[in-house]
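Dropping the sequence and predicted coords here.
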There are 4 protein chains.
Amino acid sequence: MSQRIGFAGLGLMGSRMARNLLEKGFPTTVWNRTPERCAPLAAQGARVAATPRELAEHADVVVACVADPPAVERLVFAADGLLAGVRPGFRYLECSTVSPELTRRVQKALRERGADALEAPVTGSKNGAEQGTLLFMTGGERAVHDELMPVMMAMGTKAIYCGTMGQGSTMKLIGNSFISLMLEALCEGIVVGRRAGLPLETILEVIQASGFASPYYNFKGAAIGKRDFREHFAIDLLVKDQSLMLETAAAARVPMPGLAAVREVFQSARAQGFGREDICAVVKTLERAAGERV
Amino acid sequence: MSQRIGFAGLGLMGSRMARNLLEKGFPTTVWNRTPERCAPLAAQGARVAATPRELAEHADVVVACVADPPAVERLVFAADGLLAGVRPGFRYLECSTVSPELTRRVQKALRERGADALEAPVTGSKNGAEQGTLLFMTGGERAVHDELMPVMMAMGTKAIYCGTMGQGSTMKLIGNSFISLMLEALCEGIVVGRRAGLPLETILEVIQASGFASPYYNFKGAAIGKRDFREHFAIDLLVKDQSLMLETAAAARVPMPGLAAVREVFQSARAQGFGREDICAVVKTLERAAGERV
Amino acid sequence: MSQRIGFAGLGLMGSRMARNLLEKGFPTTVWNRTPERCAPLAAQGARVAATPRELAEHADVVVACVADPPAVERLVFAADGLLAGVRPGFRYLECSTVSPELTRRVQKALRERGADALEAPVTGSKNGAEQGTLLFMTGGERAVHDELMPVMMAMGTKAIYCGTMGQGSTMKLIGNSFISLMLEALCEGIVVGRRAGLPLETILEVIQASGFASPYYNFKGAAIGKRDFREHFAIDLLVKDQSLMLETAAAARVPMPGLAAVREVFQSARAQGFGREDICAVVKTLERAAGERV
Amino acid sequence: MSQRIGFAGLGLMGSRMARNLLEKGFPTTVWNRTPERCAPLAAQGARVAATPRELAEHADVVVACVADPPAVERLVFAADGLLAGVRPGFRYLECSTVSPELTRRVQKALRERGADALEAPVTGSKNGAEQGTLLFMTGGERAVHDELMPVMMAMGTKAIYCGTMGQGSTMKLIGNSFISLMLEALCEGIVVGRRAGLPLETILEVIQASGFASPYYNFKGAAIGKRDFREHFAIDLLVKDQSLMLETAAAARVPMPGLAAVREVFQSARAQGFGREDICAVVKTLERAAGERV
């Protein structure tokens, strides 16, 4: 019989992930900080919980996809939080991107109650969540990873086991550091290329014919070409992850001079009001830095 | 009948490119600043010129692949340089990575003599030169691009026309800026990942399953895993290109904060004695910055 | 009659500040996380408290000079923390360098108990603490600033009122950002100057004759000249402040690209084992980045 | 009898320096690329030369204060340049800020003609040039330094001998690197401080009471407070010097991560149209990066 799922966090990603669980037949209860967001899923048959505690009480596995570490703190540790509702055997699947330090703390609290957690941050952005093609990077017990595979495979197509709790989050943060530097390269290249008269299409054609080609350049390059900055992955969230990566690196005593420089550019994009736009909107900040009126 | 080729610059790249021309039947004369490097090609049937002037006199097309702008200055403008030997109809194929300003200057000088140039910097590094699978990014007259296609296709598999003289070089410099930021992302990720206990293999597996996958990460990641820092593309040369890009960007009034930060890391790698090693040796500089004894 | 003082945090700075209070006649109770550090002050007549709560119970004003935000959290909010011992009229003088967000939180908690706080981070480092010549940057109620002037003037020579709670901390963090960039300029200049054969003395002579002269350059330049890296202000603490400044700036949506770049250099110094040395030891990290064996 | 002076380069600095020479009784001939700028000095009694060659022919010492390396190349090495007019015993006083490599090349060419050069870049900006209070940082032969002291002391108040040719220029570039990082610290601090409600006056008061005080902060802080961005030292020129410093550092294999980051901010200021304004106008670029409409 299918595990009963609780889903916490119905944002851009979470709402799509929860719908996939529902559609694949998991009995699903949902909770969101602002309850209005539960309505579309309720209309599809989801039960709605009033608190995270109630969510835990009605589920074997709670999947979370919330915005940031404070949202996880509230979800898990508040008086009406998950912890208040768990019992032995309960599983928590943390799909939010937060710090390794926090996922370890959550795991410890759950284990003290005979439950356990698996961190499983995702990559694939809005389209991957929509189509159920997300990639999970997991950390925790291998047995818990195996146990939760059916749940993950309802939302994605691959789950890579990265090691003990914290290593999945670290991997995710590293991945977002890649995205940050690649997008910076793309946008710096687009701005300087345009000044030299190089069409965006030519830049993308050359890159895709090169050894350093990546589908990511086409995806984001096309959006920039159309000036389509609608959110797939918001600048506010990427900056949050860049900061988590730099904090994690600082704790591990590893300088990241490339990421540190790039984060300030994305910070500037937030300051300029682009925080809720897609990360490729950072091109506008670079255009402004180059004296263009955007 | 095949055009007669002159080839200037028999380094890591040039020697392999010249051999491909020879093997595909182009009558080829070679010149190198240090003449010893001509011997292997002479043994394969190449004629050896004593000076660039002589090289130009014995060729319809001179292909150049030299280290840096001063080497091009010497090759073209010296008293015994190419210019002294050209005549109407002569073609110069500039495969070196230099500044757009310089390639425009060379073109102007050639045109005053009824000749013309095509800039055609390459990507593909040592392996691409060896196997004849280079990608050319060309700038100049479209007709000259078309005319020199057979020569380029003896050394590579694709030539993308980027526009007027200077735009090919700019494209190449942009490409090397991509490489710089991607390699920085990879190496920062490897160092911080290792501290967290993440195996390199896991990092590469996740990246390759992600939307931002690139064959480049496997290529360089595998070399780093084996600590194989033998030159495919030397740090000294990449730093030269980073500096040309920053100068070109400055002239066009475009800040490149990401590249500027990353260049200092590669500068440090040169300072630490890794200039002649492959660009992935920059990982050692990041390891040292993180307090490791490497 | 003199206010009764409680002093929390007997590190490099705090031990010297507490001694000045004692010597100027304030009845003083001390507390330190590791109690051994209380002995020298006890020998001079200080009473020793077993907990922060006890410290608060025996004092009209508690002065704190602890390492970082977690240390303040523990000091104030723990079960046996200050809050448990305060009563109406109690004053808390926060001389630690922490975030504006934290000092505001502490103030709020105290006010709920009829007490109040003044943030008053200091500059002047070890020598200023020793000689009682510190400068305080205060935030909070002006009346509380005035009320606590006698206490501050026992440890320093000047207190500048910066505004409401949080503005003193922000000012302190800005000041440490100045120190960071000035020290980076000095150390980059020393390393590149030495390569060019410029003696350190000449560099310092020119700077001190220039419009941008500062006593700070002589102070730190002389230490570097003697390779004397004994702690006046530890790299670990400056990095902590750089991170607090960057977090505060991020919350205020202000990019700080200069500070962000410089922080990674100091992070590298920590990673290389110089965290407990004086901040001028960052010169060693720059020397290593330049290929020197230090 | 006074040496006959030739003065080349009548910009913001040079015109004031030449006037001081004239007023202190040196028979002075002037030359400027755009001859109109010679008129005010001619009205005060200066002779006007048509070419640098003529300038050299009518002078014992030529003082140069031109914009950048290409201007020096033209001045010295052109067909009608200084070199064509020098004779044994001639002296060239290079007050422009250029690269060590260039001043060494100029010296070599002069020595081959029995003449010699002293590099003597200045600090003090417009006001120092006006009031004759410049500071010279010299490189070359000590005897030439001594010989040219009277000429320098007509324009300034101090000349510090830095060593062989190139070391004076290096010292100047290091000094401008200090200015760059100090101004970045000031402007980042002003922007983040304003967001926190900290008045500029408070920031300056605290800084000037601190160990890292500098008259420079008052000078530039006051201008920023009044939004007075009239040129004392133009952003275009500082960026030129930052680039020369980074090139010189690269040649010496010294990374300068702080300066590299800061240069991109000043590059952005140029790109945004502030190149001819005073260097403190960089605050506008940081304000824009922080989302303000400036």
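Alright, I've got the coordinates.

Strands of the stretch 101-250 of chain A, start to end?
Secondary structure of the stretch 101-250 of chain A (DSSP state E, counting those that start in this stretch): strands located at A:116-119, A:122-123, A:134-139, A:156-163.

Tell me the residues of chain A that contact chain C?
Residues of chain A that fall close to chain C, judged by CB under 8 Å from any CB of the partner chain: A:239, A:243, A:247, A:249-250, A:253-257, A:260-261, A:263-265, A:267-268, A:270-271. (Each C-beta comes from the backbone N, C-alpha and C, glycine too.)

Include mean neighbour count, mean pLDDT and distance to D:R276 when you put the strands of the stretch 101-250 of chain A into TSV, please.
Formatted as TSV, the entries for the strands of the stretch 101-250 of chain A read as follows, by neighbours: other CB atoms under 10 Å in any protein chain shown; pLDDT from 0 to 100; distance: least, CB to CB, whole Å:
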stretch	mean neighbour count	mean pLDDT	distance to D:R276
strand A:116-119	28	98	54
strand A:122-123	24	96	47
strand A:134-139	28	98	51
strand A:156-163	21	98	54
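
before we move on, the earlier item: so which of the residues of chain A next to chain C reach chain D?
A:257, A:261, A:268, A:271.

Just put the residues you listed in JSON lines and tack on pLDDT, neighbour count and secondary structure.
What follows is these, written out as JSON lines (pLDDT from 0 to 100; neighbours: other CB atoms under 10 Å in any protein chain shown; DSSP: H, G, I helix; E, B strand; the rest coil):
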{"residue": "A:P257", "pLDDT": "98", "neighbour count": "27", "secondary structure": "helix"}
{"residue": "A:A261", "pLDDT": "98", "neighbour count": "29", "secondary structure": "helix"}
{"residue": "A:S268", "pLDDT": "98", "neighbour count": "26", "secondary structure": "helix"}
{"residue": "A:A271", "pLDDT": "97", "neighbour count": "24", "secondary structure": "helix"}
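
So which of the strands of the stretch 101-250 of chain A is nearest A:V206?
strand A:122-123 (26.0 Å; CB to CB).

and A:L22, what is it in contact with?
Listed by CB atoms under 8 Å, 6 or more residues apart in numbering or on different chains, the contact partners of A:L22 are A:28, A:41, A:44-46.

So which bits of the stretch 151-294 of chain A are right by chain D?
In this structure, the stretch 151-294 of chain A approaches chain D at residues A:257, A:261, A:268, A:271-273, A:285, A:288-291, judged by CB under 8 Å from any CB.

pLDDT below threshold where in chain A?
Within chain A, the stretches with pLDDT under 70 are A:1.

And it, what are its domain boundaries?
Annotated domains of chain A cover A:5-163, A:170-289 [automatic domain parsing].

Kindly compare burial across these and name the winner.
domain A:170-289 (a mean of 22; mean count of other CB atoms under 10 Å in any protein chain shown).

which residue ranges form the helices in the stretch 1-150 of chain A?
A:14-23, A:39-43, A:52-57, A:69-77, A:100-111, A:125-131, A:142-153 (DSSP state H, counting those that start in this stretch).

next one: the third one to chain centre, how far?
To tie it back to what came earlier, the one meant is helix A:52-57. Here the centre of helix A:52-57 is set off from its chain's centre by 23 Å, with CA atoms, centre = their mean, to the nearest Å.

and it, what other elements does it pack with?
Judged by 3 or more CB pairs under 8 Å, 6 or more residues apart in numbering or on different chains; DSSP states H and E, helix A:52-57 is in contact with strand A:5-8, strand A:28-31, strand A:61-64.

And for the fifth one?
For helix A:100-111, the elements it packs on are helix A:69-77, strand A:91-94, strand A:116-119, helix A:167-195, helix A:235-251, judged by 3+ CB pairs under 8 Å, 6+ apart.
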